[in-house]
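this is a predicted model, with the sequence first.
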Amino acid sequence: MNMEEKNTSPLCVLILSDRLLNYAQKLADYLTSVGVQVAALVTSKEQALMFCDERIDFLIIAGYLKNQINYGVIKECGNRGFPAVAVHWAMLDDLISGYCRTYKIPLQFERTLPMDEFVLFLWQNRPLHLALPDEEVPDVQTKPDDKHLKFFVSKIIAFFRNFLFL
């Protein structure tokens with residue numbers, strides 16, 4: 001595969017979950033609907049390791065893993081030269097932060113946030129081989145500008161200008 005093909009290809013993810021299968025399936029369905037390629041939804045380290053030969057950009061861990069042996073997939077994939085970036089998609093708390101430190105999971109995302117924000121997060125954190133120098137962010141809806149905040153800040157600035165220069 002040449003570099004141009006890599007740069008224009010969609011994101012490809014592998015989802016691992018041994019507890020939140022319904023949420024993981026909803027995530028997989030949503031990601032597929034917006035053009036993210038889902039290689040598979042797996043429930044164990046052994047199943048995930050079967051995809052080490054494929055081009056996977058992100059290994060998404062949905063929720064904390066009940067069977068902690070499954071976290072070993074991150075180290076094992078790294079030993080095999082699997083370049084996927086691990087992302088913990090979960091309700092973020094001290095437990096998840098601890099797992100991320102212990103198992104060296106570099107990215108975390110709060111799963112209660114809208115899924116379109118997760119897709120944007122993935123695009124913003126995609127591996128370098130997918131990034132184009134002058135590339136536009138994909139067409140994912142983002143939050144509109146907060147007009148109230150801009151108005152509030154402009155009023156504070158006006159107040160200080162008037163107060164300081166009277």
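Cool, the structure landed.

give me the pLDDT value at the residue most central in space within the chain.
Central residue of the chain (Cα atoms, centre = their mean): L122, 3.9 Å from the mean position. L122 carries a pLDDT value of 92.

what does stretch 34-51 contact?
Stretch 34-51 is contacted by residues 10-18, 21, 24-25, 28, 31-32, 54, 56, 59, 67, 69-73, 76-77, 80, 116, 119, 122, 138, 140 when judged by Cβ atoms under 8 Å, 6 or more residues apart in numbering. For every residue, glycine as well, the C-beta is placed using N, CA and C.

filter the residues you listed to the buried ones?
Buried members of the contacts of stretch 34-51, scored by 16 or more other Cβ atoms under 10 Å, are 11-18, 24, 28, 31, 56, 59, 70-71, 73, 77, 119, 122, 140.

ok so, going back, out of the contacts of stretch 34-51, which sit inside helices?
Residues of the contacts of stretch 34-51 located in helices (DSSP state H): 21, 24-25, 28, 31-32, 72-73, 76-77, 116, 119, 122.

please enumerate the strands of the chain.
Here the chain has its strands, by DSSP state E, at 12-16, 37-42, 58-62, 85-90, 107-110.
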